[in-house]
Structure formats: C-alpha cells, structure tokens
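S.K.: here's my sequence, what's the structure:
(chains A and B)
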Protein chains: 2
Amino acid sequence: MKNFRFKNPVEIRFGKGTIADLGELLGDETKIFLLYGGGSIKKNGVYEQVKHGLTGKNIVEFGGIEANPQYETCMKAVKEVQASSATFVLSVGGGSVLDAAKFIAAAAVLENKDPWGIVTGDVSISTALPLGAVMTLPATGSEMNSNSVISRKEWGEKRGWSSDHVLPRFSILDPETTFSLPERQAANGVVDSFVHVMEQYLTYPVNSPIQDRFAEAILLTLIEEGPKVLTDPGNYDVRANIFWASTMALNRLIGVGVVQDWATHGIGHELTALYGIDHARTLAVTLPGVMQFKRQQKREKLIQYAERVWNITQGDGDVKIDEAIAKTVLFFGKMGVPTTLGDYQLGGEAAQAAAENIRKKGWKLGEHRDIGPEEVEQILLLRA
Amino acid sequence: MKNFRFKNPVEIRFGKGTIADLGELLGDETKIFLLYGGGSIKKNGVYEQVKHGLTGKNIVEFGGIEANPQYETCMKAVKEVQASSATFVLSVGGGSVLDAAKFIAAAAVLENKDPWGIVTGDVSISTALPLGAVMTLPATGSEMNSNSVISRKEWGEKRGWSSDHVLPRFSILDPETTFSLPERQAANGVVDSFVHVMEQYLTYPVNSPIQDRFAEAILLTLIEEGPKVLTDPGNYDVRANIFWASTMALNRLIGVGVVQDWATHGIGHELTALYGIDHARTLAVTLPGVMQFKRQQKREKLIQYAERVWNITQGDGDVKIDEAIAKTVLFFGKMGVPTTLGDYQLGGEAAQAAAENIRKKGWKLGEHRDIGPEEVEQILLLRA
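M.R.: Got it, this is the predicted structure:
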C-alpha cells in the first residue's frame, strides 16, 4: 500500500424523507442560492419538499443548469449570487447541477482573476461559499467529493477540476427522488459509477486488499442491482443500493493508497466535448478499449477482476481477460448503454479527432502516463 | 437499507514517516498535552519521532495510561491539563491511550458536574478540547471514531461511551510503529477488529449489499493477513493492511443503514471487569457462544457468512453454520487467542457473575434487545 491522506467530512443524510432535514442542516444560513437543472424537480415533488425544508429562509432561485454544465451558464449564476449576496449555495439535482454549484461557489468569491482558471488549474482558490446538495441522481459521486466537471462549448472543452474548498457541507440522498428518473439517466448513472470504480481499481497491484475488495464490493453490487433498476424501477431497495454504491464509488475511499488510471474519463470527455454523447456512454465505449489495449500492463488486475467480480475460474489468464472484457461489454449492453463508436455512427474520424484534442493539451493519460494521442487513437479504433 | 446519517471528518495520515506531519497537522496549536501509556513508545523510537514532530511546541507530558484505562488515572491527567492550560490533547499509543484522551479532553472542560457521568451518560457534554492521535496499535478503531471505554476498578465497572465532540481532529497511522508490538497485542488487535465487524454484520438482512460486502472485505482481509503478523512480523504490507482493516472495522462506514448487535462486547466487558482478561480475548470467548445461542435469529446472515467469508458451499444451512462457527474458533486459535472460559480456569461461576453484572445494570443486549442476564449465562456456559 502506498502512503496516503484521507479526509472526507461531508455529512450524509440517507433515506426516505430526509429532505425534511434541510432546515437543521442549514442552521443559521438564511440567504440560500437555490440551483437546479431543467425543471424535473418541479414535476417529481422534490422542489416542493425542498421549499418546505427551506421554510423561513431567504431564497434566490436559479434554474436551467444543463447536463455537462456550461461555463457561460455558470457565470450567469455567479453574477446572480454576487448581486443577491447569498451566503450558501444549495444544489438540487444530479451531478451536473452540483458540479456547477461547486464552480459557482468558488467563482462567486474569486477576486480579480479569470474564473476559467479555476477549471484549468491556472487559478488556485483559497475559499468558496459553503454549499450543500439534495442529490437526485446516483452517478457522479459529486455528493461526497470535491470534483467538478465544467464544459465550454465554444471551445469544445470539457475539464475536470477539484478543490477541498468545494466539498459539500452536506448531501441529502433520498432514493425515492430517483423513482422518476428517465431510464436512460438511471442506466447512465450505473455505468458511470461502475467506471469510477474501474479507474481506481484496474491498474496494477500494490498489495491493498481492503481497497481492492471494497472496489469489488461496489462492482458486484452495481452488476447485481443495476439491471433491476430497468426491470423494477419502483423498488426502493434497488434505488437505495445503487445510490450508496454510486456515492462510495467516488468518495476517495477506494482510491487511497492505490494507483489510479482515469484514461477512460480523459478520452471519454473528448467524445462528449466533440459529439455531445452522454458522459457515461462515452465511458462505456472507451473502457473496453482501454482494457484491451492495456491488457499486458493491467494483466494481474484484469485476472483478479475476472475471477472475483465475474467468477471466471476456467482457462488461462488470456482467456479470463477476454471473457472479463466480454462480460463488461455485455453488462453495459444489459443496461441499454451502447459500447461502440459505430452505435453513434462514428468511426476512425472520431478516434482521430479525440486524439487531436489530447495532442493539443499535451496530455499523457493512464497510471503509467503513457497514453498519448497515438494511443488514444488506437484505443478508440478498437471501439470503431 | 435503513435510513442513516454518516459523517466522519477525521483526517488520516497513513504510511511510513507520517509522524513527521505532526507540526503541520497541529497548525497554530502551541500548548500540547502529550498522553501516552506504559512507555513502550520510548523504546521503539516513536517518542523521538513525536518530539521531533512537535518541535517548537510547548509540551506537557503525562505517561502511565494503562490497558483498560482507569477513571482514577484519567482524573489525575485532567487535573494536569487544567493546571497547565494545555489547549490540545495528543494521544500517542494504542486504543487505551486514545480512549483515555477522549475522556480527558471532555472532562477537562466540564464544569460543575461529575465527570463519571460522561461515561455513564448521565452528563451530556457540549464541548471538549480538540485532540489528535499517533496510533501505534491496530485494534479499537478509536483513531477514526468517537468511542471510548473507561474502567473503574474499585466498582468493577467498564463502560463504553461516545460523543462527536471527542472525534480526533487527525490520526496518524504509521504501520512501522507496529513492528515492535508484542505478539499478544498484535494478535488481540486482529481479533478485536474481526469482532467489531461481526457486531455490525452478523444480525439479520436488511438488503444492504454494499455494507455487507465491505464487512466481508474486512473479515477476509483479517483472516488472510492476521496469521502473517505472527509468522512474518516485519512485513510492512501485512502491518499496513491490518491497520487499515482495523480502522475501517469501526469508523461508522459498515454500520450505517444496518442493524447492529454488540452483545459480544457487552458480555466481554464484564469478563474484563471481573477477571482482567484482555478485551479482545473476552470477545474470542464470547462470540462463538453468541453465534451458537442466536443461530436461529441470525440464521440468514450466518449462512451468508459461511458461504462468502469461509467459502463453505457444501451441506444444508445448519451444517454451514456449524462449520462457520468452527472456522471462526479455529481462526482465533490460529491467532494464539484462547476461546473458552476453561482456558482461563473459569467456568459456570464466571457465567453467573457476568450475568449478575448485566442484571444489576438492567441491560438487554443484542439486535433484538432480548439478551438479558439468563441469556448471558447460557451464552457463557456454551463457552465453559
């Protein structure tokens, strides 16, 4: 195990009816900037529960945060926060709204610097408005981490950033709020969470049995419960288990003391930026390519994954790896999530375009930092 | 899954050389009350590392905290804290020192109330001095929880209490500090951690696959790594894995949203209070009795435990349960930890005495609160 630091002070309220805890969680905060997305919260009763929980508070509302939240939209919200002198940002929605809330909370108190620098890392922030979340979509794990991904359409950019200053003070996870999710979003969330685990697990062994088994625990649970969300969408336990799995998938826990990859996300972000494909769907296309392309470097962990997660006990290592990749593709298919570029009427040109974007950034991806533009193209050609 | 709340803000620094982080972690704290035990830290180099990490700080030392920390000793320390006007309590040692530190941090700022009330629950605390830990013994999980157990010898009492006010601000876990542990303490720590998991796992199913698999992950790791600590005591990875398993075993994570038992601890504490048997060793005696006595109520989880932790696939449910209990006893034996009252030259009289103590307290133990004095006696008679 490698040396590590771990701290995650986010307060979680999990279960039915927990939106009612909002008043208690906000305590003395009186001027709340209420951020949400396309308005689904007004159809499924979440908005009313939130408003009830905020009784007695001064509320400034800002709706319209889109999937893959845009810099331009966020900057409009920043201006409103500043004009209203709100002191707390409350995100109600999925990972996109919360990612936007994190950026807004930081940008609202940034003085005399280019806010885009928060995203690129050129600006180091030293503070942010406090924020909290009512999470309505299990997927990004944003409810219990400091990560945020912001896009800038006119530049074709999509970038992740992270700062402890934007860790939510609390996150409310009521599985009942996810009953009304469109099937596609529910399925995307399962795949997104699955790949978050794989990015922290499928590298090379460093003798970390707790982290490995925790990762496998999340994968097994997603494989078991994921398909049920499509066949039995009103099952509370299924929704609850997927929600908690999703939070655990990206809250630092399984990533401490081990080696991490994140090449699939790096490549996937380019596919979203270029073609607007849902985040999780870009991961489902890319991950099998990374597994195949890196099968030698990831050999030991691929075999462990085959044996422990898919219970593949027959055959030599290569057979096990082949079968594990096939099972992974099959699982994504079972979730209704396509796994090839062809499914999006894309091919070699997309592989080239994504590689070109990586070349422009000068990035080297993966746990060995050896996946540059050429390798990105080869990985995606495996998925053409 | 049941509704739950989760928050654990303890900052962990894990790995070789991390005691050097002390200065950074203490920040502006300048007057440190340095608490330790019998002096082993002066023999294994930990004391020097700590003193080096505290360079520039004003230090008040207090040594001599015993295993099963005594109220009387703690109250002497409280007087010294108050006399020195130290502002931060730093525990250097194992769970006993840290449990004492938690009590001292709370009692030092308690006004006009009986400090023993903190332990009994008759006094509710609203504040405590901040505290931190350099942990040198994987066992109690005290480094990442709010629990403390304090004993009062003259009354034959040993009581657990808990308060978020005494959560450590940070805990430093350097596995190298555990190389010099006596074999008996290292083995006890593995058994203690194992039983912590069982108390939160072996009850009845509430559809919580993440928590169940995390619990099994810790059990499997302790079973795998535990015996190695005896055969290969200088192996860093073994020490590191046991340390992290032990922390995860009792840091709230696996206990959220599920039903918890804690009867084994309730009964075990009486055996320590009555006969001075090491805490972990009382658990090794008691747990198999609880498993046997409660085999019907715990049936589903016992079978899951048999199958997933011990890979017992043959036979009907009862056969699997019998074998799982036998394997558990065998594992404790492999750790060199005795599992019967007879091993301590005790028998029915000990079962009666423990039952009598439970009767005096009016306690009902277990996840169904149906283990009273009669049941305690029967459970211990199974271990005579």
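S.K.: got the contact list for the helix or strand of chain A with the lowest mean pLDDT?
M.R.: The helix or strand of chain A with the poorest confidence is strand A:157-162; it has a mean of 90 (mean pLDDT, DSSP states H and E). Here strand A:157-162 makes contact (C-beta atoms under 8 Å, 6 or more residues apart in numbering or on different chains) with A:68, A:118-121, A:145-152, A:265, A:269-270, A:272-273. All C-beta spots, glycine's among them, are computed from the backbone N, C-alpha and C.
S.K.: so which of the residues you listed sit within helices?
M.R.: Within these, residues falling in helices by DSSP state H are A:118-120, A:265, A:269-270, A:272-273.
S.K.: A:K228 contacts A:N235, correct?
M.R.: Yes: the criterion here is C-beta atoms under 8 Å, and A:K228 meets it with A:N235 at 6.3 Å.
S.K.: ok, and the closest non-adjacent residue to the residue nearest to the spatial centre of chain A?
M.R.: Centroid-nearest residue in chain A, with C-alpha atoms, centre = their mean: A:T140, separated by 2.5 Å. Among residues not flanking A:T140 along the chain, A:G95 sits closest, at 2.9 Å (C-beta to C-beta, 6 or more residues apart in numbering or on different chains).
S.K.: how many neighbours does that neighbour have?
M.R.: A:G95: 28 surrounding residues under other C-beta atoms under 10 Å in any protein chain shown.
S.K.: if I look at it, how far off is A:S148?
M.R.: Taking C-beta to C-beta, to the nearest Å as the measure, A:G95 falls 9 Å from A:S148.
S.K.: likewise for A:P9?
M.R.: 17 Å.
S.K.: looking at the two, which one has more neighbours?
M.R.: A:S148 (28 against 15).
S.K.: whatever residue of the stretch 251-384 of chain A ends up closest to chain B: which element?
M.R.: The minimum distance from the stretch 251-384 of chain A to chain B, using C-beta to the nearest C-beta, falls at A:G257 (6.7 Å). Here A:G257 sits in a region with no helix or strand, counting by DSSP states H and E.
S.K.: before we move on, the earlier item: quick check: PyMOL command selecting the buried ones in the contacts of strand A:157-162.
M.R.: Buried residues among these (16 or more other C-beta atoms under 10 Å in any protein chain shown), as a PyMOL selection:
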select buried, chain A and resi 68+118+119+145+146+147+148+149+150+151+152+265+269+270+272+273
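S.K.: how about A:K31, phi and psi?
M.R.: phi -110, psi 100 (degrees, to the nearest 10).
S.K.: check contacts around it.
M.R.: A:57-58, A:60, A:84-88.
S.K.: the same query, at a cut-off of 7 Å, please.
M.R.: By C-beta atoms under 7 Å, 6 or more residues apart in numbering or on different chains, the contact set of A:K31 is A:58, A:85-88.
S.K.: re earlier: isn't the residue nearest to the centre of chain A right next to A:S91, touching?
M.R.: No: using C-beta atoms under 7 Å, A:T140 is not in contact with A:S91; the gap is 11.5 Å.
S.K.: okay, buried residues for the helix or strand encompassing A:L219 please.
M.R.: Secondary structure assignment for A:L219, by DSSP H and E: helix A:209-231. Burial within helix A:209-231, assessed by neighbour count using 16+ other C-beta under 10 Å, is assigned to A:209-223, A:225-229.
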